[in-house]
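**Student:** heads up, no residue letters with this:
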């Protein structure tokens, strides 16, 4: 007698929730928002944005998701699709701010910071100090690959790039991180003279 494996609930995965939401299931949208809003708020907040600005971006993001929900292809990974929308929402907000269409409520340096996850990494380890020295594009790719765990293909789609360009950006980022770490571990001439 074989034991039947329990069947997963119909909305266990983010992808299945999105597919249900495409079919006008309001509870699926509520569950998507409940699961994803905290990490998206971190993404929008960054090290310099105000909570109010991040909340506004999050609201704009969910409106864009609602308007674009028909473009999600069932069965495809959901996070790259969502983070592409999030990136465009944030970029559009920065452009409006640069044109003076919004009151500046946060540091303009945020426009150059691609991922607010840097802040969480900085709080946890010395890697944050190393990451801060990377160009914005390299930092974005490393965070998506390592902090979010996306694949090269997913990262390329989320950043609007090709897999080859994403590999090259990641390689340059890792090379820069190694060089910075090595420079930090080597004593300066002043330290060597003091010993």
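**Tutor:** Perfect, thanks for sending it. No experiment lies behind these values; they were computed from the predicted model shown.

**Student:** checking residue 150 next. Helix, strand or coil?
**Tutor:** coil (DSSP: H, G, I helix; E, B strand; the rest coil).

**Student:** ok, the closest residue to it other than its chain neighbours to residue 55 distance?
**Tutor:** Leaving aside its sequence neighbours, residue 150 sits nearest to residue 144 (Cβ to Cβ, 6 or more residues apart in numbering; 4.8 Å). Any C-beta I mention is one placed from the backbone N, CA and C, and that applies to glycine too. According to Cβ to Cβ, to the nearest Å, residue 144 stands 23 Å off from residue 55.

**Student:** more crowded one of the two?
**Tutor:** Neighbour totals were compared for residue 144 and residue 55, and residue 144 leads with 26 against 15 (other Cβ atoms under 10 Å).

**Student:** pLDDT of the host helix or strand of residue 27, averaged?
**Tutor:** Using DSSP states H and E, residue 27 maps to helix 26-45. Throughout helix 26-45, pLDDT has a mean value of 88.

**Student:** which elements pack onto it?
**Tutor:** helix 14-22, helix 51-68, helix 78-98, helix 117-124 (3 or more Cβ pairs under 8 Å, 6 or more residues apart in numbering; DSSP states H and E).

**Student:** please parse the protein into its domains.
**Tutor:** In the domain annotation for the chain, the residue ranges read 13-106, 114-189 (automatic domain parsing).

**Student:** for residue 76, helix, strand, or coil?
**Tutor:** With three-state DSSP as the basis, residue 76 sits in coil.

**Student:** contacts only, for it.
**Tutor:** residue 15 (Cβ atoms under 8 Å, 6 or more residues apart in numbering).

**Student:** what comes up buried for whichever helix in the chain runs longest?
**Tutor:** Using DSSP state H, we find that the single longest helix of the chain is helix 163-185. Going by neighbour count (16 or more other Cβ atoms under 10 Å), the buried part of helix 163-185 is 166, 169-170, 173-174, 176-177, 180.

**Student:** can you name the two of these that are farthest apart?
**Tutor:** Greatest spatial distance among the buried residues of helix 163-185 (Cβ to Cβ): 166 and 180, at 20.9 Å.

**Student:** which one of the helices and strands packed on helix 26-45 lies nearest to residue 160?
**Tutor:** helix 78-98 (6.9 Å).

**Student:** counting by contacts, list what the closest one packs against.
**Tutor:** Applying 3+ Cβ pairs under 8 Å, 6+ apart, one finds that helix 78-98 contacts helix 14-22, helix 26-45, helix 51-68, helix 152-159.

**Student:** that helix: which residues count as buried?
**Tutor:** 78-83, 85-87, 89-90, 93, 97.
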